[in-house]
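Peer 1: A structural model of the following input is requested.
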Amino acid sequence: MKIISTIAVMAALAGGIAPASAETIYLTAGAMIDPVTGDVTEQPAVIIENGVITASGTAASVIAPEGAREISLTGKTILPGLIDMHTHITGDPTKGGGYSSLGYQKERSVIWGVVNAGRTLNAGFTTIRNTGADGYETLALRDAINDGEIAGPRMFVAGPPVGIVGGHCSDNNLLPPEYEATGEGVATGPWEMRGKVRQNIKYGVDFIKTCSTGGVFSKGTLLGAPQGTPEELAAIVNEAHSRGLKVAVHAHGNIGIKNAIRAGADTIEHASYLDAEAINMAKRNGVYFSMDIYNTEYTLAEGEANGVLQESLDKERQVGGIQRESFRQAVKAGAKVVFGTDAAIYPHGDNAKQFSRMVEFGMTPLQAVRASTSLAAEALGKAGSLGCISAGCSADIIAVEGDPLADAAVLENVDFVMKAGEVHKNET
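Peer 2: Next up, the predicted model:
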């Protein structure tokens, strides 16, 4: 039998990584929010075994098993660990703006990713979706977290985004022709697009990312201009779906949004220029919108100092207010809107600052909580195992001071973080 010394356990905890344990935990708190039902339970209790919740209810009805380790979060509100559906964990906004990004080794981003993973987890986000990177380094980060080598959120990872020559998210448009700089995911025509999807799958991605319009942070692209033909988009989606993978499509403009929905996209990222037809198409087809409505504030305040191109700053000024109004209209119409921040455009660990903006621009606090828990889990295909706090759910639990359903901003200060039954932060 392998014996873990007290010193080793303390060292692991100090590093933010709790040792794997098959112990039973009995957790109590002041209140519990169940985003699936919308119910709030006073004086709740949760039993956790092998990283999974086996019972939850009131402390009066759920009795501590004999020998269980007890965790008391007196006066705190608990809810499922949060899910951010749009991050770039290896990015750093203070180092990657415009041409300044060319001054760093690609491997440096992996180091940033380790730091950012810890910050994200400590902020209460126990699951993230990483929507694209230049290479496959984020898969290594995902696997290191899964193997307990470093602390971080559970990661669902896309590799290099698949897209057109000169397009947003697929190509490198910063350098002149003599450098022959080409992005990893660049392809032309449906069969080349399929080939890039297959390459992503070969190396172990969890989903596919593509772009059907230009973007804010790519040189020479237009936000409203469509990227890729409908046939190319359909080939990407068909190839991914045939292998059991979902597809996230970056799309700001209406034409690109509608092209992506017609092609069968699972989520639309950004969705800035929505009209009623696009919203209704998404509703009919079960498509989720992931709309990053906080980061515009950081970009306009800090972008110039961070080296962001003037072109990108101008595009951000153009789109920020329009995107927020689109968010309002999508929520009002009953579209499925999940929590996605585009972390890396602003500092990782500040993800929860978006909650107050989601409420300001049309959601109730409960809708905002659901967008980052049960609805996000549904979009991931993980409903019933993530984003919930009942029997059968992964024991991803956070605790905050105050009531998130009265003031969503309290989620910006998380006191306790448990992921799969392991405590990574406890400041209660």
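Peer 1: quick one: contacts of the top helix by length along the chain?
Peer 2: Secondary structure of the chain per DSSP state H: the longest helix is helix 310-332. Contact partners of helix 310-332, identified using C-beta atoms under 8 Å, 6 or more residues apart in numbering, comprise 98, 216-217, 219-220, 223, 252, 270-274, 276, 279, 282, 289, 291-293, 296, 299-300, 303-304, 337, 357-358, 361-363, 367. For glycine as for every other residue, the C-beta is placed from the backbone atoms N, C-alpha and C.
Peer 1: which among the residues you listed end up buried?
Peer 2: 98, 216-217, 219, 223, 252, 270-274, 279, 282, 289, 291-293, 296, 299, 303, 337, 357-358, 361-363, 367 (16 or more other C-beta atoms under 10 Å).
Peer 1: out of these, which are inside strands?
Peer 2: 270, 289, 337 (DSSP state E).
Peer 1: mind listing what's buried along the longest helix of the chain?
Peer 2: For helix 310-332, by 16+ other C-beta under 10 Å, it's 312-313, 315-316, 319-320, 323-324, 326-331.
Peer 1: one more: stretch 333-343?
Peer 2: So for stretch 333-343, counting by 16+ other C-beta under 10 Å, buried means 335-343.
Peer 1: now those residues in a markdown table, with distance to residue 32?
Peer 2: Listed next are these as a markdown table, based on distance: C-beta to C-beta, whole Å:
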| residue | distance to residue 32 |
| --- | --- |
| 335 | 28 |
| 336 | 25 |
| 337 | 24 |
| 338 | 22 |
| 339 | 20 |
| 340 | 25 |
| 341 | 25 |
| 342 | 30 |
| 343 | 27 |
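Peer 1: re earlier: of the ones in strands among the buried ones among the contacts of helix 310-332, closest to residue 109?
Peer 2: residue 270 (22.0 Å; C-beta to C-beta).
Peer 1: I'd like to know how far the closest residue to that closest one other than its chain neighbours sits from residue 314.
Peer 2: Leaving aside its sequence neighbours, residue 270 sits nearest to residue 252 (C-beta to C-beta, 6 or more residues apart in numbering; 5.2 Å). Per C-beta to C-beta, to the nearest Å, residue 252 is found 14 Å from residue 314.
Peer 1: again, but for residue 261
Peer 2: Taking C-beta to C-beta, one finds residue 261 at 28 Å from residue 314.
Peer 1: on that earlier part again, so which of the contacts of helix 310-332 sit within helices?
Peer 2: Per DSSP H, the subset of the contacts of helix 310-332 in helices is 276, 279, 282, 296, 299-300, 357-358, 367.
Peer 1: got CSV for the buried residues of stretch 333-343, with pLDDT too?
Peer 2: Listed next are the buried residues of stretch 333-343 as CSV, based on pLDDT from 0 to 100:
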residue, pLDDT
335, 98
336, 98
337, 98
338, 98
339, 98
340, 98
341, 98
342, 97
343, 97
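Peer 1: outline the domain layout of the protein.
Peer 2: Per automatic domain parsing, the structural domains of the chain span 6-80+387-426, 82-380.
Peer 1: do a quick rundown of the helices in the chain.
Peer 2: 6-14, 108-122, 137-146, 190-202, 230-242, 254-263, 276-285, 295-302, 310-332, 354-360, 365-371, 374-380.
Peer 1: and of those helices, who's closest to residue 40?
Peer 2: Short answer: helix 365-371, nearest of the helices of the chain by C-beta to C-beta, at 9.6 Å.
Peer 1: report the rounded mean pLDDT for the closest one.
Peer 2: Mean per-residue pLDDT for helix 365-371: 98.
Peer 1: now the closest residue in space to residue 344 that isn't next to it in sequence: how far from residue 301?
Peer 2: Among residues not flanking residue 344 along the chain, residue 91 sits closest, at 2.9 Å (C-beta to C-beta, 6+ apart). Applying C-beta to C-beta, the value for residue 91 to residue 301 is 18 Å.
Peer 1: now residue 401
Peer 2: Counting by C-beta to C-beta, the gap from residue 401 to residue 301 is 27 Å.
Peer 1: show me what contacts the nearest residue to residue 188 once chain neighbours are set aside?
Peer 2: In this structure, residue 188 finds its nearest non-sequential neighbour in residue 165, 6.2 Å apart by C-beta to C-beta, 6+ apart. By C-beta under 8 Å, 6+ apart, the contact set of residue 165 is 171, 182, 186, 188.
Peer 1: and the gap between residue 130 and residue 382?
Peer 2: 15 Å.
Peer 1: these two - which one has more neighbours?
Peer 2: residue 130 (30 against 19; other C-beta atoms under 10 Å).
Peer 1: and that one, how far from residue 156?
Peer 2: 7 Å.
Peer 1: and residue 34, by the same measure?
Peer 2: In this view, residue 34 and residue 156 are 23 Å apart by C-beta to C-beta.
Peer 1: and residue 302, by the same measure?
Peer 2: Relative to residue 156, and taking C-beta to C-beta, residue 302 is found at 28 Å.
Peer 1: now swap in residue 220 and tell me
Peer 2: For residue 220 relative to residue 156 (C-beta to C-beta), the value is 30 Å.
Peer 1: got the contact list for the residue nearest to residue 381 when sequence neighbours are not counted?
Peer 2: Residue nearest to residue 381 in three dimensions, not counting chain neighbours: residue 246, with 7.0 Å by C-beta to C-beta, 6+ apart. Residue 246 makes contact with 207-208, 240, 266-267, 380-381, according to C-beta under 8 Å, 6+ apart.
Peer 1: please apply the same query to residue 290.
Peer 2: Residue 290 sits in contact with 85-86, 248, 267-271, 337-340, where contact means C-beta under 8 Å, 6+ apart.
Peer 1: would you turn the residues you listed into TSV with distance to residue 61?
Peer 2: Listed next are the contacts of residue 290 as TSV, based on distance: C-beta to C-beta, whole Å:
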residue	distance to residue 61
85	34
86	39
248	41
267	38
268	42
269	42
270	44
271	43
337	35
338	32
339	31
340	36
